[in-house]
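S.K.: below is the structure, and that's it, no one-letter string:
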């Protein structure tokens, strides 16, 4: 009887592992297809061999400039920003055990946005300064929300409500900065605030790419602890998890990624909000969905950008398309949580 129970458990685990591999592989293949589409499609559709030759450094009239200067930076920005948004959103939602507790809703992204807009319209700077300011502002927003939400005891519901309030205040600050900013800086600020891959340049990408390469392994290594944190503070502590240290490492890693992603592409709406739940639904329980959430983020950003470029008469920034997709889900989630008495 005991052997049968163990075999039953192991069979279930193997099935869940196969499902994880299948889903993750499928998401990776879809990401690769979308990356190829980003390089091939545009005002001119170049043959596959011309794109490969252009990427290898061969000079091909028209194709070399379009692929290397416009399409490749745009694709890489969407790839790394989507991955960063997906992982960071999933980390916050899992760690705080609430689908609303993602960087978009609780104001972290807005904090980074406010710093970036200040740099663009007031200081007239870009590049590294915007990235550094975004990371500092994102971390400062996290610290402020955490301090204000502590009270006599830590409450996730209080943290979310305070985060929403902070988001509203920072949104008002962004509106003020746009009102007092120089007129020539406003188009760039508005385009950036909508969440866009337009105008992405290779020299802007290294900070974001470096943060993803450094912070992703940290989140993966803490993936087991992240799953335990989902059980609650007392359960995690009783299982030997240093909850404070784990949270700090996860928060710093996630905020660095999402702040630099925001500085690079602007606050692409709802990607961090949608990636975790979609990945969890696809992967199921039993294995970490950190990597699947990142890949879902990549697919959302790249697919939304292609839709915004080619599905309509006018071209729309990627953030508008993801906003159209994400807003109904947010309303649905709020209605469901209200019916369950979770709000």
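M.R.: It's in. All of these numbers come straight from a predicted model, not from anything done at the bench.
S.K.: pull the helix or strand with minimum mean pLDDT from this protein.
M.R.: helix 233-238 (a mean of 64; mean pLDDT, DSSP states H and E).
S.K.: following it, which helix or strand comes up?
M.R.: helix 243-265 (DSSP states H and E).
S.K.: gap between the next helix or strand after that next one and the chain center?
M.R.: Next helix or strand after helix 243-265 toward the C-terminus (DSSP H and E): helix 271-283. In terms of CA atoms, centre = their mean, to the nearest Å, the centre of helix 271-283 is found 11 Å from the chain centre.
S.K.: next, the buried residues of helix 271-283.
M.R.: 271-280, 282-283 (16 or more other CB atoms under 10 Å). For glycine as for every other residue, the C-beta is placed from the backbone atoms N, C-alpha and C.
S.K.: list phi and psi for residue 62.
M.R.: Dihedral angles of residue 62 (phi, psi; degrees, to the nearest 10) stand at phi 80, psi -50.
S.K.: that one and residue 44 touch, don't they?
M.R.: Yes - in this structure, residue 62 is within contact of residue 44 by CB atoms under 8 Å, at 6.7 Å.
S.K.: what bits of the stretch 151-300 of the chain have low per-residue confidence?
M.R.: For the stretch 151-300 of the chain, the stretches flagged by pLDDT under 70 are 151-155, 226-243, 286.
S.K.: any idea which helix or strand comes after the one helix or strand residue 190 maps to?
M.R.: Per DSSP H and E, residue 190 falls inside helix 186-193. Note on helix 186-193: by DSSP H and E, the next helix or strand toward the C-terminus is helix 206-221.
S.K.: neighbours of the nearest residue to residue 124 once chain neighbours are set aside, just the number please.
M.R.: Distances taken as CB to CB, 6 or more residues apart in numbering place residue 185 nearest to residue 124, at 6.6 Å, with adjacent residues excluded. Residues lying near residue 185 (other CB atoms under 10 Å) number 17.
S.K.: now residue 132
M.R.: Neighbours of residue 132 (other CB under 10 Å): 16.
S.K.: tell me how far stretch 270-282 lies from the chain's centre.
M.R.: 10 Å.
S.K.: ok, residues contacting it?
M.R.: Contacting residues not belonging to stretch 270-282 are listed as 23, 27, 82, 85-90, 92-94, 99, 102-105, 109, 258, 289, 292-297, 300-301, 322-323, 325-327, 329-330 [CB atoms under 8 Å, 6 or more residues apart in numbering].
S.K.: give me the mean pLDDT for stretch 132-141.
M.R.: What stretch 132-141 shows for mean pLDDT is 83.
S.K.: could you pull out the helices for the stretch 1-150 of the chain?
M.R.: 2-40, 48-55, 63-65, 72-95, 108-121, 128-150 (DSSP state H, counting those that start in this stretch).
S.K.: between the first one and helix 72-95, how many degrees?
M.R.: Right, the one you point to is helix 2-40. Going by axes from the mean of the first three to the mean of the last three CA atoms, to 10 degrees, helix 2-40 is angled at 150 degrees with respect to helix 72-95.
S.K.: who does helix 2-40 touch, helix- and strand-wise?
M.R.: On a contact count with 3 or more CB pairs under 8 Å, 6 or more residues apart in numbering; DSSP states H and E, helix 2-40 meets helix 48-55, helix 72-95, helix 271-283, helix 290-310.
S.K.: mind doing that once more with 6 Å?
M.R.: helix 72-95, helix 271-283, helix 290-310 (3 or more CB pairs under 6 Å, 6 or more residues apart in numbering; DSSP states H and E).
S.K.: just want the most central residue of the chain.
M.R.: residue 85 (0.7 Å; CA atoms, centre = their mean).
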